[in-house]
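Participant: Below are the sequence and a predicted model; questions follow.
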Amino acid sequence: MKKRDFTITFMVMFPFWMVLSGRFDLFHLSLGVISCGIVAGFSGDLLLSAVGQRSWLKLSKGFLRYLPWLFLQIFLSSLHMLRLALHPRMKELIDPRVVRFKSRLGDELALVTFANSITLTPGTITVFVDLDGEFRVHAIDRSCAEALPGEMERRVGAIFGEK
């Protein structure tokens, strides 16, 4: 592994550690440095090899535009799940199903990003995805199922330069 791979991976992971831990004392920051250093040492080449020759700047800009939209979708889906859970006719509204579809995304990292985004959104879980773009997603009700693949696939494709 190159020193550059380790450094970039560490620089990506450590800010996330700080934000997610929420503790900024010397003890917790030291644990963050050690943990991120160990993980970057073992997996530093994975992050950069997945991106290959693409521009890091372009991908970073794409993800920075995508994340606020994804967080909004997670929030809205959480409200939908809350409505389902508290509705007096909850048993009638919940209609679980497995949705199958073929994604138009061709890039492996795009497929993984899309699958993870689906799973992060309450009410849906990616059950299966293959490199040919075949997806199976468990959806808790009809409205969650009808939204697939939809806008999320288009936005993930835009990050990776796919039309």
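Facilitator: Noted; the coordinates are in hand.

Participant: going forward, measure contacts and count neighbours with C-alpha atoms only.
Facilitator: OK.

Participant: host element of the closest residue to residue 66 other than its chain neighbours?
Facilitator: With Cα to Cα, 6 or more residues apart in numbering as the criterion, residue 66 has its nearest non-adjacent residue at 6.8 Å, and that residue is residue 155. In the assignment (DSSP states H and E), residue 155 maps to helix 150-159.

Participant: neighbouring contacts of that helix?
Facilitator: 59, 62-63, 66, 103, 105, 110, 113-114, 117, 163 (Cα atoms under 8 Å, 6 or more residues apart in numbering).

Participant: For residue 121, the count of nearby residues, please.
Facilitator: If you count neighbours by other Cα atoms under 10 Å, residue 121 ends up with 19.

Participant: and it, what is it in contact with?
Facilitator: 73-74, 77-78.

Participant: Could I get the phi/psi values of the residue of the chain most remote from its centre?
Facilitator: Ranked by distance from the centre of the chain (Cα atoms, centre = their mean), the top residue is residue 88, with 32.4 Å. Residue 88 adopts backbone torsions of phi -60, psi -30, taken as degrees, to the nearest 10.

Participant: Tell me how far it lies from residue 96.
Facilitator: 18 Å (Cα to Cα, to the nearest Å).

Participant: All set, thanks.
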